[in-house]
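Participant: from the sequence below, what's the structure:
(one chain, ligands or ions: 2)
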Amino acid sequence: MSNGQDRVVALLDMDCFFVQVEQRQNPHLRNKPCAVVQYNSWRGGGIVSVSYEARAFGVTKSMWADDAKKLCPDLLLAQVLESRGKANLTKYREASAEVMEVMSRFAMIERASIDEAFVDLTSTVRERLQKLQGQPVSADLLPTTYIEGFPQGLTTAEGTVEKEEMRKQGLLQWLDSLQSDNTSSPELQLTVGAVIVEEMRAAIERQTGLQCSAGISHNKVLAKLACALHKPNRQTLVSHGSVPQVFSQMPISKVRHLGGKLGASIIEILGIEYMGELTQFTESQLQSHFGEKNGSWLYAMCRGIEHEPVRPRQVTKTLGCGKNFPGKTALVTREQVQWWLLQLAQELEERLTKDRNDNDRVATQLAVSIRVLGDKRLSSLRRCCALTHYDAHKMSQDAFAAIRNYNTSGIQTEW
Ligand code: TTP
Ligand code: MG
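Facilitator: Residues are numbered from 1 along each chain as shown. Ligands and ions are numbered 1, 2, ... in the order given. Have a look, this model is predicted:
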(Lines give C-alpha, C1' and ligand atoms only; values in the text may rest on other atoms or scores of the structure.)
(Ligands and ions follow the chains in the order given, each with its own letter.)
Protein backbone atom coordinates (compact mmCIF):
# COMPACT_ATOMS: atom_id res chain seq x y z
CA MET A 1 0.00 0.00 0.00
CA SER A 2 1.17 3.53 -0.68
CA ASN A 3 2.15 5.93 2.08
CA GLY A 4 -0.81 8.13 1.26
CA GLN A 5 1.31 10.83 -0.37
CA ASP A 6 1.10 9.66 -3.97
CA ARG A 7 -1.69 12.01 -5.12
CA VAL A 8 -2.29 15.76 -5.23
CA VAL A 9 -5.95 16.49 -4.50
CA ALA A 10 -7.64 19.87 -4.16
CA LEU A 11 -11.08 21.02 -3.07
CA LEU A 12 -12.43 24.35 -4.29
CA ASP A 13 -15.40 25.86 -2.48
CA MET A 14 -17.08 29.10 -3.50
CA ASP A 15 -17.19 31.78 -0.80
CA CYS A 16 -20.73 32.67 0.37
CA PHE A 17 -21.92 31.34 -2.94
CA PHE A 18 -25.56 32.46 -3.16
CA VAL A 19 -24.56 35.90 -1.82
CA GLN A 20 -21.86 36.29 -4.49
CA VAL A 21 -24.31 35.32 -7.23
CA GLU A 22 -26.70 38.03 -5.98
CA GLN A 23 -23.89 40.57 -5.64
CA ARG A 24 -22.73 39.91 -9.17
CA GLN A 25 -26.24 40.69 -10.39
CA ASN A 26 -26.85 43.68 -8.10
CA PRO A 27 -23.85 46.03 -7.54
CA HIS A 28 -25.57 47.71 -4.57
CA LEU A 29 -25.01 44.55 -2.56
CA ARG A 30 -21.26 44.37 -3.18
CA ASN A 31 -18.77 44.76 -0.30
CA LYS A 32 -21.63 45.10 2.18
CA PRO A 33 -23.03 42.99 5.00
CA CYS A 34 -25.47 40.95 3.02
CA ALA A 35 -27.40 37.68 3.23
CA VAL A 36 -29.65 35.55 1.06
CA VAL A 37 -32.96 34.39 2.52
CA GLN A 38 -35.43 31.76 1.52
CA TYR A 39 -39.19 32.40 2.06
CA ASN A 40 -39.62 35.78 3.70
CA SER A 41 -43.07 35.60 5.33
CA TRP A 42 -41.95 33.94 8.57
CA ARG A 43 -39.53 36.04 10.69
CA GLY A 44 -38.10 37.65 7.58
CA GLY A 45 -37.09 34.33 6.07
CA GLY A 46 -34.40 31.75 6.76
CA ILE A 47 -30.81 32.72 5.93
CA VAL A 48 -28.99 30.32 3.59
CA SER A 49 -25.84 32.32 2.75
CA VAL A 50 -24.01 35.17 4.53
CA SER A 51 -21.37 37.59 3.23
CA TYR A 52 -18.12 37.76 5.20
CA GLU A 53 -18.87 41.39 6.13
CA ALA A 54 -22.10 40.20 7.78
CA ARG A 55 -20.36 37.28 9.50
CA ALA A 56 -18.27 39.84 11.39
CA PHE A 57 -21.52 40.88 13.12
CA GLY A 58 -22.32 37.31 14.13
CA VAL A 59 -24.85 36.65 11.39
CA THR A 60 -24.90 32.94 10.49
CA LYS A 61 -26.63 30.47 8.22
CA SER A 62 -30.03 29.16 9.36
CA MET A 63 -30.72 32.30 11.43
CA TRP A 64 -34.02 34.10 10.82
CA ALA A 65 -33.52 37.36 8.93
CA ASP A 66 -35.39 39.28 11.66
CA ASP A 67 -32.92 38.03 14.29
CA ALA A 68 -29.95 38.74 12.02
CA LYS A 69 -31.14 42.35 11.61
CA LYS A 70 -30.92 42.77 15.39
CA LEU A 71 -27.23 41.84 15.23
CA CYS A 72 -26.56 43.82 12.07
CA PRO A 73 -29.10 46.59 11.43
CA ASP A 74 -27.56 47.49 8.04
CA LEU A 75 -27.83 43.94 6.75
CA LEU A 76 -28.93 43.87 3.11
CA LEU A 77 -31.08 40.97 1.99
CA ALA A 78 -31.61 39.21 -1.29
CA GLN A 79 -34.21 36.53 -1.79
CA VAL A 80 -34.19 33.13 -3.37
CA LEU A 81 -36.77 33.18 -6.16
CA GLU A 82 -39.94 31.19 -5.70
CA SER A 83 -41.89 29.35 -8.30
CA ARG A 84 -44.77 26.94 -7.87
CA GLY A 85 -44.75 27.80 -4.17
CA LYS A 86 -41.20 26.62 -3.60
CA ALA A 87 -37.61 27.82 -3.81
CA ASN A 88 -36.22 28.01 -7.33
CA LEU A 89 -32.47 27.51 -7.43
CA THR A 90 -32.01 27.79 -11.21
CA LYS A 91 -29.87 30.94 -11.00
CA TYR A 92 -27.39 29.33 -8.60
CA ARG A 93 -27.30 26.06 -10.55
CA GLU A 94 -26.42 28.01 -13.68
CA ALA A 95 -23.69 29.97 -11.91
CA SER A 96 -22.42 26.66 -10.55
CA ALA A 97 -22.20 25.21 -14.05
CA GLU A 98 -20.19 28.26 -15.19
CA VAL A 99 -17.68 27.70 -12.39
CA MET A 100 -17.43 23.94 -12.96
CA GLU A 101 -16.80 24.54 -16.64
CA VAL A 102 -13.78 26.76 -15.90
CA MET A 103 -12.38 24.28 -13.36
CA SER A 104 -12.67 21.34 -15.71
CA ARG A 105 -10.40 23.05 -18.25
CA PHE A 106 -7.53 22.41 -15.84
CA ALA A 107 -8.11 18.82 -14.77
CA MET A 108 -10.68 16.16 -14.11
CA ILE A 109 -13.16 17.34 -11.47
CA GLU A 110 -15.74 15.78 -9.22
CA ARG A 111 -18.61 18.10 -8.42
CA ALA A 112 -19.26 17.59 -4.70
CA SER A 113 -22.11 20.08 -4.21
CA ILE A 114 -23.61 23.13 -5.86
CA ASP A 115 -20.53 25.18 -4.99
CA GLU A 116 -17.63 22.79 -4.46
CA ALA A 117 -15.57 20.36 -6.47
CA PHE A 118 -12.64 18.03 -5.95
CA VAL A 119 -9.79 18.01 -8.47
CA ASP A 120 -7.14 15.34 -8.92
CA LEU A 121 -4.04 17.27 -9.97
CA THR A 122 -1.54 14.40 -9.78
CA SER A 123 -0.78 14.11 -13.48
CA THR A 124 -1.08 17.86 -14.13
CA VAL A 125 1.52 18.42 -11.41
CA ARG A 126 3.83 15.82 -12.89
CA GLU A 127 3.73 17.54 -16.29
CA ARG A 128 4.35 20.95 -14.75
CA LEU A 129 7.31 19.64 -12.79
CA GLN A 130 8.89 18.41 -16.00
CA LYS A 131 8.52 21.84 -17.54
CA LEU A 132 10.07 23.47 -14.48
CA GLN A 133 13.23 21.37 -14.86
CA GLY A 134 14.31 21.79 -11.29
CA GLN A 135 13.75 25.56 -11.10
CA PRO A 136 12.61 26.59 -7.62
CA VAL A 137 8.98 27.68 -7.18
CA SER A 138 8.70 31.43 -6.67
CA ALA A 139 6.55 32.86 -3.86
CA ASP A 140 5.00 35.21 -6.44
CA LEU A 141 3.14 32.23 -7.90
CA LEU A 142 1.47 31.62 -4.53
CA PRO A 143 0.03 35.06 -3.62
CA THR A 144 -2.93 33.70 -1.63
CA THR A 145 -1.48 30.45 -0.27
CA TYR A 146 -1.12 29.57 3.39
CA ILE A 147 1.15 26.70 4.41
CA GLU A 148 -0.43 25.00 7.41
CA GLY A 149 2.01 24.73 10.31
CA PHE A 150 4.31 27.45 8.97
CA PRO A 151 6.11 29.64 9.93
CA GLN A 152 7.76 27.23 12.33
CA GLY A 153 9.59 28.16 15.48
CA LEU A 154 8.42 31.75 15.49
CA THR A 155 8.61 32.97 19.07
CA THR A 156 8.82 36.75 18.77
CA ALA A 157 5.60 38.58 19.68
CA GLU A 158 3.41 36.65 17.26
CA GLY A 159 0.30 38.59 18.13
CA THR A 160 1.71 41.78 16.73
CA VAL A 161 2.58 40.39 13.31
CA GLU A 162 -0.01 41.00 10.60
CA LYS A 163 -1.79 37.97 9.23
CA GLU A 164 -0.50 38.61 5.72
CA GLU A 165 3.05 39.02 7.02
CA MET A 166 2.79 35.67 8.81
CA ARG A 167 1.46 34.05 5.66
CA LYS A 168 4.45 35.28 3.65
CA GLN A 169 6.99 34.28 6.25
CA GLY A 170 5.49 30.81 6.44
CA LEU A 171 5.42 30.45 2.68
CA LEU A 172 9.05 31.57 2.27
CA GLN A 173 10.21 29.24 5.03
CA TRP A 174 8.36 26.35 3.35
CA LEU A 175 9.73 27.13 -0.12
CA ASP A 176 13.26 27.29 1.33
CA SER A 177 12.83 23.81 2.76
CA LEU A 178 11.91 22.25 -0.60
CA GLN A 179 14.32 20.39 -2.83
CA SER A 180 13.23 21.72 -6.19
CA ASP A 181 15.21 19.15 -8.18
CA ASN A 182 13.53 16.16 -6.54
CA THR A 183 10.36 15.74 -8.59
CA SER A 184 9.23 12.81 -6.46
CA SER A 185 9.10 14.91 -3.28
CA PRO A 186 5.47 14.94 -2.05
CA GLU A 187 5.97 18.43 -0.60
CA LEU A 188 7.18 19.79 -3.93
CA GLN A 189 4.25 18.12 -5.69
CA LEU A 190 1.76 19.75 -3.30
CA THR A 191 3.46 23.11 -3.85
CA VAL A 192 3.16 22.85 -7.62
CA GLY A 193 -0.45 21.72 -7.07
CA ALA A 194 -1.02 24.92 -5.11
CA VAL A 195 0.43 26.98 -7.99
CA ILE A 196 -2.07 25.35 -10.36
CA VAL A 197 -4.94 25.96 -7.93
CA GLU A 198 -3.93 29.65 -7.75
CA GLU A 199 -4.28 29.70 -11.54
CA MET A 200 -7.63 27.92 -11.41
CA ARG A 201 -9.05 30.33 -8.86
CA ALA A 202 -7.81 33.34 -10.81
CA ALA A 203 -9.40 31.93 -13.98
CA ILE A 204 -12.70 31.33 -12.17
CA GLU A 205 -12.74 34.90 -10.90
CA ARG A 206 -11.78 36.35 -14.28
CA GLN A 207 -14.37 34.33 -16.17
CA THR A 208 -17.29 34.37 -13.73
CA GLY A 209 -16.55 37.24 -11.33
CA LEU A 210 -16.87 34.80 -8.43
CA GLN A 211 -14.30 34.10 -5.71
CA CYS A 212 -13.52 30.86 -3.96
CA SER A 213 -11.20 29.25 -1.45
CA ALA A 214 -9.32 25.98 -1.77
CA GLY A 215 -7.49 23.26 0.08
CA ILE A 216 -4.54 21.35 -1.37
CA SER A 217 -3.36 18.05 0.07
CA HIS A 218 -2.90 14.33 -0.69
CA ASN A 219 -6.52 13.22 -0.36
CA LYS A 220 -10.12 14.40 -0.33
CA VAL A 221 -10.57 14.52 3.44
CA LEU A 222 -7.47 16.65 4.03
CA ALA A 223 -8.19 18.90 1.03
CA LYS A 224 -11.70 19.62 2.31
CA LEU A 225 -10.43 20.33 5.78
CA ALA A 226 -7.65 22.54 4.45
CA CYS A 227 -10.08 24.64 2.42
CA ALA A 228 -11.92 25.75 5.55
CA LEU A 229 -8.74 26.94 7.34
CA HIS A 230 -8.42 30.30 5.55
CA LYS A 231 -11.64 31.51 4.00
CA PRO A 232 -12.56 33.66 2.07
CA ASN A 233 -10.51 34.06 -1.12
CA ARG A 234 -7.46 32.15 0.14
CA GLN A 235 -6.06 28.65 -0.21
CA THR A 236 -4.31 26.38 2.25
CA LEU A 237 -1.77 23.62 1.71
CA VAL A 238 -1.87 20.79 4.25
CA SER A 239 1.23 18.59 3.99
CA HIS A 240 1.50 15.08 5.38
CA GLY A 241 3.88 16.43 8.01
CA SER A 242 1.35 18.95 9.32
CA VAL A 243 -1.32 16.32 9.99
CA PRO A 244 -0.46 15.57 13.66
CA GLN A 245 -0.69 19.27 14.52
CA VAL A 246 -3.88 19.84 12.46
CA PHE A 247 -5.60 16.77 13.89
CA SER A 248 -4.53 17.43 17.49
CA GLN A 249 -7.23 20.08 17.80
CA MET A 250 -9.63 18.98 15.08
CA PRO A 251 -13.06 17.98 16.47
CA ILE A 252 -13.97 14.56 15.05
CA SER A 253 -17.31 15.78 13.69
CA LYS A 254 -15.55 18.33 11.46
CA VAL A 255 -13.93 15.58 9.38
CA ARG A 256 -15.61 14.53 6.14
CA HIS A 257 -17.68 11.33 6.65
CA LEU A 258 -17.60 11.80 10.45
CA GLY A 259 -20.23 14.52 10.77
CA GLY A 260 -22.97 11.95 11.40
CA LYS A 261 -23.62 8.77 13.31
CA LEU A 262 -20.16 7.19 12.96
CA GLY A 263 -18.47 10.32 14.30
CA ALA A 264 -20.90 10.54 17.21
CA SER A 265 -20.34 6.90 18.15
CA ILE A 266 -16.54 7.33 18.06
CA ILE A 267 -16.80 10.22 20.50
CA GLU A 268 -19.14 8.25 22.77
CA ILE A 269 -17.52 4.82 22.68
CA LEU A 270 -13.86 5.88 22.82
CA GLY A 271 -14.46 8.95 24.97
CA ILE A 272 -12.32 11.18 22.74
CA GLU A 273 -12.87 14.58 21.13
CA TYR A 274 -10.17 15.18 18.55
CA MET A 275 -9.16 13.35 15.40
CA GLY A 276 -5.55 12.96 16.59
CA GLU A 277 -6.61 10.97 19.65
CA LEU A 278 -7.59 8.10 17.36
CA THR A 279 -3.90 7.26 16.83
CA GLN A 280 -3.68 5.64 20.28
CA PHE A 281 -5.92 2.73 19.18
CA THR A 282 -4.81 -0.31 17.19
CA GLU A 283 -6.43 -1.14 13.88
CA SER A 284 -8.12 -4.20 15.37
CA GLN A 285 -9.48 -2.19 18.29
CA LEU A 286 -11.04 0.28 15.87
CA GLN A 287 -12.38 -2.58 13.74
CA SER A 288 -13.95 -4.29 16.74
CA HIS A 289 -15.87 -1.14 17.61
CA PHE A 290 -16.78 0.21 14.19
CA GLY A 291 -16.53 -2.73 11.80
CA GLU A 292 -13.75 -3.94 9.58
CA LYS A 293 -14.08 -1.32 6.86
CA ASN A 294 -14.64 1.72 9.10
CA GLY A 295 -11.91 0.56 11.48
CA SER A 296 -9.28 0.36 8.76
CA TRP A 297 -10.41 3.66 7.29
CA LEU A 298 -10.14 5.40 10.69
CA TYR A 299 -6.77 3.84 11.46
CA ALA A 300 -5.30 5.27 8.25
CA MET A 301 -7.28 8.52 8.29
CA CYS A 302 -6.14 9.70 11.70
CA ARG A 303 -2.59 9.37 10.31
CA GLY A 304 -3.56 11.50 7.30
CA ILE A 305 -3.89 8.60 4.87
CA GLU A 306 -6.95 8.04 2.70
CA HIS A 307 -7.49 6.60 -0.76
CA GLU A 308 -10.98 7.59 -1.95
CA PRO A 309 -10.53 8.48 -5.62
CA VAL A 310 -11.70 11.70 -7.25
CA ARG A 311 -14.41 10.39 -9.55
CA PRO A 312 -14.87 12.12 -12.88
CA ARG A 313 -18.29 13.74 -12.56
CA GLN A 314 -19.10 17.28 -13.52
CA VAL A 315 -22.85 16.91 -13.22
CA THR A 316 -24.99 15.55 -10.39
CA LYS A 317 -25.96 11.89 -10.31
CA THR A 318 -29.46 12.59 -9.08
CA LEU A 319 -31.88 15.41 -9.59
CA GLY A 320 -34.29 16.17 -6.78
CA CYS A 321 -36.66 18.67 -5.26
CA GLY A 322 -38.75 18.82 -2.13
CA LYS A 323 -40.68 21.01 0.22
CA ASN A 324 -41.31 21.14 3.97
CA PHE A 325 -44.76 21.78 5.44
CA PRO A 326 -44.14 22.76 9.06
CA GLY A 327 -46.84 23.37 11.73
CA LYS A 328 -50.11 24.70 10.44
CA THR A 329 -49.07 24.27 6.82
CA ALA A 330 -49.12 20.44 7.16
CA LEU A 331 -50.97 18.75 4.31
CA VAL A 332 -54.23 17.15 5.44
CA THR A 333 -56.19 16.09 2.35
CA ARG A 334 -55.46 13.76 -0.52
CA GLU A 335 -56.02 16.64 -2.93
CA GLN A 336 -53.34 18.72 -1.22
CA VAL A 337 -50.85 15.89 -1.35
CA GLN A 338 -51.58 15.27 -5.02
CA TRP A 339 -51.43 18.96 -5.87
CA TRP A 340 -48.00 19.41 -4.25
CA LEU A 341 -46.69 16.24 -5.86
CA LEU A 342 -47.69 17.74 -9.18
CA GLN A 343 -45.88 21.02 -8.39
CA LEU A 344 -42.71 19.11 -7.54
CA ALA A 345 -43.11 16.90 -10.61
CA GLN A 346 -43.44 19.98 -12.82
CA GLU A 347 -40.13 21.30 -11.58
CA LEU A 348 -38.59 17.87 -12.14
CA GLU A 349 -39.97 17.64 -15.64
CA GLU A 350 -38.43 20.99 -16.51
CA ARG A 351 -35.03 20.12 -15.03
CA LEU A 352 -34.99 16.57 -16.41
CA THR A 353 -35.71 17.84 -19.90
CA LYS A 354 -32.93 20.41 -19.66
CA ASP A 355 -30.58 17.75 -18.29
CA ARG A 356 -31.38 15.38 -21.16
CA ASN A 357 -30.50 18.11 -23.65
CA ASP A 358 -27.41 19.38 -21.82
CA ASN A 359 -25.90 16.09 -20.72
CA ASP A 360 -27.21 13.60 -23.20
CA ARG A 361 -28.60 11.09 -20.70
CA VAL A 362 -31.95 9.87 -19.32
CA ALA A 363 -33.14 9.16 -15.79
CA THR A 364 -34.72 5.77 -15.17
CA GLN A 365 -35.77 5.75 -11.56
CA LEU A 366 -38.13 7.95 -9.58
CA ALA A 367 -37.82 8.01 -5.78
CA VAL A 368 -40.34 9.55 -3.38
CA SER A 369 -39.42 10.41 0.19
CA ILE A 370 -41.62 11.63 2.99
CA ARG A 371 -40.47 13.00 6.30
CA VAL A 372 -43.04 13.19 9.09
CA LEU A 373 -42.93 16.01 11.60
CA GLY A 374 -40.52 15.27 14.45
CA ASP A 375 -38.66 12.51 12.65
CA LYS A 376 -34.93 13.25 12.93
CA ARG A 377 -34.06 11.01 10.00
CA LEU A 378 -33.62 12.47 6.54
CA SER A 379 -36.68 10.57 5.39
CA SER A 380 -39.32 8.51 7.19
CA LEU A 381 -40.31 6.62 4.10
CA ARG A 382 -38.75 6.15 0.69
CA ARG A 383 -40.30 4.35 -2.27
CA CYS A 384 -39.00 3.91 -5.79
CA CYS A 385 -40.62 3.22 -9.12
CA ALA A 386 -39.62 3.24 -12.76
CA LEU A 387 -39.36 6.61 -14.49
CA THR A 388 -40.52 6.06 -18.04
CA HIS A 389 -41.67 9.47 -19.31
CA TYR A 390 -40.56 13.00 -18.50
CA ASP A 391 -44.16 13.92 -17.84
CA ALA A 392 -45.20 15.78 -14.70
CA HIS A 393 -48.71 14.29 -14.52
CA LYS A 394 -47.46 10.77 -14.99
CA MET A 395 -44.65 11.25 -12.46
CA SER A 396 -46.95 12.76 -9.83
CA GLN A 397 -49.47 9.93 -10.26
CA ASP A 398 -46.76 7.29 -9.97
CA ALA A 399 -45.35 9.07 -6.94
CA PHE A 400 -48.77 9.17 -5.30
CA ALA A 401 -49.35 5.47 -6.04
CA ALA A 402 -45.99 4.70 -4.45
CA ILE A 403 -46.85 6.38 -1.16
CA ARG A 404 -50.66 6.04 -0.88
CA ASN A 405 -50.45 3.04 1.45
CA TYR A 406 -48.50 5.18 3.85
CA ASN A 407 -51.60 7.28 4.61
CA THR A 408 -52.07 6.85 8.36
CA SER A 409 -55.51 8.50 8.61
CA GLY A 410 -57.42 5.36 7.64
CA ILE A 411 -59.66 7.48 5.39
CA GLN A 412 -58.92 7.75 1.68
CA THR A 413 -59.58 11.46 1.28
CA GLU A 414 -57.76 12.57 4.42
CA TRP A 415 -54.04 12.45 5.12
P1 TTP B 1 -21.82 26.47 1.57
O2 TTP B 1 -20.58 26.28 0.75
O3 TTP B 1 -21.99 25.63 2.79
O4 TTP B 1 -21.89 27.99 2.10
P5 TTP B 1 -21.48 29.35 1.39
O6 TTP B 1 -20.88 29.12 0.06
O7 TTP B 1 -22.66 30.27 1.43
O8 TTP B 1 -20.42 29.96 2.40
P9 TTP B 1 -18.89 29.55 2.62
O10 TTP B 1 -18.10 30.75 2.23
O11 TTP B 1 -18.77 29.24 4.06
O12 TTP B 1 -18.60 28.36 1.76
O13 TTP B 1 -23.09 26.27 0.68
C14 TTP B 1 -23.16 26.71 -0.67
C15 TTP B 1 -24.51 27.30 -0.99
O16 TTP B 1 -25.53 26.32 -0.81
C17 TTP B 1 -24.89 28.47 -0.11
O18 TTP B 1 -24.45 29.70 -0.64
C19 TTP B 1 -26.39 28.39 -0.06
C20 TTP B 1 -26.71 26.94 -0.30
N21 TTP B 1 -27.14 26.30 0.95
C22 TTP B 1 -28.50 26.25 1.25
O23 TTP B 1 -29.34 26.70 0.49
N24 TTP B 1 -28.89 25.70 2.44
C25 TTP B 1 -28.01 25.19 3.35
O26 TTP B 1 -28.39 24.69 4.42
C27 TTP B 1 -26.60 25.23 3.02
C28 TTP B 1 -25.57 24.70 3.97
C29 TTP B 1 -26.23 25.81 1.81
MG1 MG C 1 -19.29 27.67 -0.20
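Participant: show me what whichever strand or helix holds Val48 is packed against.
Facilitator: Using DSSP states H and E, Val48 sits within strand 46-50. Where contact means 3 or more C-beta pairs under 8 Å, 6 or more residues apart in numbering; DSSP states H and E, strand 46-50 is packed against helix 17-25, strand 34-38, helix 65-71. For every residue, glycine as well, the C-beta is placed using N, CA and C.
Participant: quickly list what Asn111 is bridged to.
Facilitator: Heads up, residue 111 is Arg, not Asn. With DSSP bridges as the criterion, Arg111 is bridged to Ala117.
Participant: neighbours of it, how many?
Facilitator: By other C-beta atoms under 10 Å, 21 other residues sit near Arg111.
Participant: tell me the contacts of it?
Facilitator: Arg111 makes contacts with 96, 100, 117, 313-316, as judged by C-beta atoms under 8 Å, 6 or more residues apart in numbering.
Participant: what do you get for Leu121?
Facilitator: With contacts defined as C-beta under 8 Å, 6+ apart, the neighbours of Leu121 are 8-10, 106-107, 193, 196-197, 216.
Participant: try 6 Å
Facilitator: Leu121 is in contact with 8, 10, 107, 193, 196, counting by C-beta atoms under 6 Å, 6 or more residues apart in numbering.
Participant: how near is the fourth one to Asp13?
Facilitator: To tie it back to what came earlier, the one meant is Gly193. 16 Å (C-beta to C-beta, to the nearest Å).
Participant: quick one: which of the two has more around it?
Facilitator: Set Gly193 next to Asp13 and count neighbours by other C-beta under 10 Å: Gly193 wins out with 28 against 20.
Participant: could you pull up phi and psi at that one?
Facilitator: When read as degrees, to the nearest 10, the backbone of Gly193 gives phi -60, psi -40.
Participant: do I have it right that it meets Ile216?
Facilitator: Yes. Between Gly193 and Ile216 there is a contact at 5.0 Å, judged by C-beta atoms under 6 Å.
Participant: can you pull out the strands in the stretch 201-350 of the chain?
Facilitator: With DSSP state E, counting those that start in this stretch applied, the stretch 201-350 of the chain shows strands at 212-217, 235-237, listed in chain order.
Participant: touching the shortest one from outside, list them.
Facilitator: If I follow you right, that is strand 235-237. For strand 235-237, the surrounding residues in contact (C-beta under 6 Å, 6+ apart) are 144-148, 190, 194, 197, 214-216, 226, 229-230.
Participant: and that strand, which strands flank it?
Facilitator: Strand 235-237 is paired, per DSSP bridges, with strand 145-147 (parallel), strand 212-217 (parallel).
Participant: redo these as CSV? Include distance to Gln343.
Facilitator: Output for these, formatted as CSV (distance: least, C-beta to C-beta, whole Å):
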stretch, distance to Gln343
strand 145-147, 46
strand 212-217, 33
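Participant: thank you, goodbye.
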